[in-house]
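# need a 3D model of the following:
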Amino acid sequence: MIKKLKRIAKQLLAVPAIRKTYEGATRGVLEVGGSSRVGATLYGLLGFVTFNREQWAVLSGRRAYYRNLGRQRRTHVELRRNVHRLEKGILMRPRRETFAKDYVLETVEFYVRAVRREADAPALDPSELAWAHDVLTEYFTVVTAADPVVDRARAMFASVDAVPTSGTTKPYPHSSIPASGVTYEQMLALAHQRRSVRWFLDKPVDRDLVDKAIAVGRQAPTACNRLPYEFLVFDDPDQVRQVASIPFGAAGYAHQIPTIVVVKGRLDSYFSPRDRHVPYVDASLAAMSFMFALETLGLSSSVINWPDFEPLERTMQKKLKLAPYERVIMLIAVGHADPTSLIAFSQKKDLDVLRAYNTLEP
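The predicted structure is shown next:
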């Protein structure tokens, strides 16, 4: 139905008079809506459907965030955020004698709650608790000045049994990182090697290779180490067909995609609307690392365009059973490239177009 309506719209816009009228009306609306925040507000009232799904996702995510505080989960984003804030305080130069007084007690409360729930009904990723334990231990080691808030947090932390840990998941010297040995020339070659491939061999993709690539992707930077995304991998032929048939961007080649990955962002990782764009940024950083890793493993990929188009959003939400606060960031086709297929040249912009230095006015 959606594709039929799109075809009809294209046919109508092919008529010069209709196209001219449509473009004129569109420019008129944009002149008003794009002129000021007042104009944008008026546009929002009249065209609320355009942004309503994102608004719903943000509000639903905030509601879920607070509801989740009382639930047992595989991962606790509020704990992850605060522990990473402690890490940043520990590595600061110069380090303050006492810091994190406004959130260390909350952090310990999150930790104690997770430990006690884990003891009752194991479900949490053990590495998350171990990391929280080691960072909190380090915090109370380096913050020695007497302070009622810190002392209370320290006593609460000591009141629970220690979780199994190696004691090493805490800030460490940069000099201890082993050099990868990857040169700039090799990295540039990998960037040139990674091309958007749309034609694949009729050959299944090893799940172990996908997992290895995701392991690289998760090392990408992410705000407060929350990793507000998930990789939904489909390699069953029927399920691949169902998912790949939804986006417009896979038209013409969806039928021969061996594996398709839906990168999903989670807005329930945030308590404030100020962070509503973070899942898109973090997931995209992880996706790029994921695709580079695929290349090193002999696999190719192609990002499938996913515009914020209400009919498609609704179809995908129903198909994947997504919560309102779960947003599709992108889809990625994965497979073994057909060596006889063509790829686009895709000329990139010159550096002088992409880059500018020191643009502030004197």
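
# quick one: the closest residue to Arg327 other than its chain neighbours from Ala287, how far?
The shortest distance from Arg327 to any non-neighbouring residue, by CB to CB, 6 or more residues apart in numbering, is to Gly265 (4.7 Å). Where C-beta positions appear, they are placed from N, C-alpha and C, glycine not excepted. Counting by CB to CB, to the nearest Å, the gap between Gly265 and Ala287 amounts to 11 Å.

# same question, Asp134
Note on Asp134: its distance to Ala287, by CB to CB, is 29 Å.

# quick one on the thing from earlier: the residue nearest to Arg327 should be in a strand, yeah?
Yes: counting by DSSP: H, G, I helix; E, B strand; the rest coil, Gly265 falls inside a strand.

# in contact with it, which residues?
Gly265 makes contact with Pro228, Tyr229, Pro279, Tyr280, Asp282, Ala283, Glu326, Arg327, Val328, Ile329, according to CB atoms under 8 Å, 6 or more residues apart in numbering.

# ok, and the most crowded of those?
Among those, Pro279 has the most neighbours (other CB atoms under 10 Å), with 29 neighbours.

# grab the nearest non-local neighbour of that residue.
Nearest residue to Pro279, sequence neighbours excluded (CB to CB, 6+ apart): Gly265, at 3.1 Å.

# just Met288 next, same as before
Excluding the flanking residues, the one nearest Met288 by CB to CB, 6+ apart is Ala220, at 7.3 Å.

# hey, where'd the strands end up in the stretch 201-350 of the chain?
In the stretch 201-350 of the chain, the strands defined using DSSP state E, counting those that start in this stretch lie at 229-234, 259-266, 300-304, 326-335.

# out of the ones you listed, the one nearest Tyr172 is which?
Nearest to Tyr172, of all those, is strand 229-234, at 25.8 Å by CB to CB.

# give the rounded mean pLDDT of stretch 286-297.
Mean pLDDT, computed over stretch 286-297, is 98.

# give me the residues contacting it.
Residues from elsewhere that reach stretch 286-297 (CB under 8 Å, 6+ apart): 190-191, 193-194, 209, 212-220, 222, 227, 229, 231, 261, 263, 300-301, 303, 329-330, 332, 334.

# low pLDDT regions in the stretch 1-150 of the chain?
Counting by pLDDT under 70, the stretch 1-150 of the chain has low-confidence residues at 1-3, 5-6, 8-9, 11-15, 118-123.

# how close does Leu124 get to Val160?
In this view, Leu124 and Val160 are 14 Å apart by CB to CB.

# compare the two (neighbour count), which wins?
Neighbours were counted for Leu124 and for Val160 using other CB under 10 Å; Leu124 has more, 19 against 16.

# my guess is the more buried one contacts Arg73. True?
Yes: Leu124 is within contact range of Arg73, at 7.2 Å (criterion: CB atoms under 8 Å).
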